[in-house]
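>>> Let's see this in three dimensions:
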Amino acid sequence: MIRLGVNVDHVATLRKARGERYPDPVAAAVLCQLAGADNITFHLREDRRHIQDRDLPLFKETVTVPLNLEIAATPEMVGIAKKLRPHAVTLVPEKREELTTEGGLNLDFNRDSLRASIGELKSAGILVSLFIEP
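The predicted structure is shown next:
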């Protein structure tokens, strides 16, 4: 069966561009869920340019469909994921100059670091996927 997953990052991008408290990505996630979305994806970047720290517990408390958190494979981000405990985590590369993720992880680079991050997340009971460069 085909499933519908919705990424709400750019609702947060618009919020940031406006310098306001709206539109709210958590409210958008709830609307997506009510409209039939099977899961919600959101990307917490190290510089917090989209999703903000205040959004994290609100997603967890409000959204009842599975949550997929996109993060860089850094100790800080893995720690946040372990605390939040989303259904799944997608490890993605992160470049400060890009507005949105433009390419995948190079698995030949930082292989040991990726392996450690994956192990930590899996041991916390979190499903892990990788956004890779083909």
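
>>> can you list the weak-confidence ranges in the protein?
Residue ranges of the chain with pLDDT under 70: 95-103.

>>> now the strands for it?
Secondary structure of the chain (DSSP state E): strands at 5-7, 39-43, 67-71, 88-91, 127-130.

>>> Which strands and helices lie in contact with the shortest one?
Where contact means 3 or more CB pairs under 8 Å, 6 or more residues apart in numbering; DSSP states H and E, strand 5-7 is packed against strand 39-43. For the C-beta atoms, the positions are set from N, CA and C on the backbone; glycine is no exception.

>>> again with the fourth one
With contacts defined as 3+ CB pairs under 8 Å, 6+ apart, strand 88-91 has these neighbours: strand 67-71, helix 111-123, strand 127-130.

>>> now do 10 Å
strand 39-43, strand 67-71, helix 75-84, helix 111-123, strand 127-130 (3 or more CB pairs under 10 Å, 6 or more residues apart in numbering; DSSP states H and E).

>>> For L14, which of these is the nearest?
Closest to L14 of the helices and strands packed on strand 88-91, according to CB to CB: strand 39-43, at 13.8 Å.

>>> tell me the angle that closest one makes with strand 67-71.
Going by axes from the mean of the first three to the mean of the last three CA atoms, to 10 degrees, strand 39-43 is angled at 20 degrees with respect to strand 67-71.

>>> Let me know the outermost residue of this structure.
Centroid-distance maximum for the chain: M1 at 23.6 Å, with CA atoms, centre = their mean.

>>> measure that one to L34 for me?
As judged by CB to CB, to the nearest Å, M1 and L34 stand 20 Å apart.

>>> For the residue farthest from the centre of the chain, give me its contacts.
Applying CB atoms under 10 Å, 6 or more residues apart in numbering, one finds that M1 lies in contact with D38.

>>> From T62, how far off is it?
Distance of M1 to T62, given as CB to CB: 25 Å.

>>> With that, I have no additional questions.
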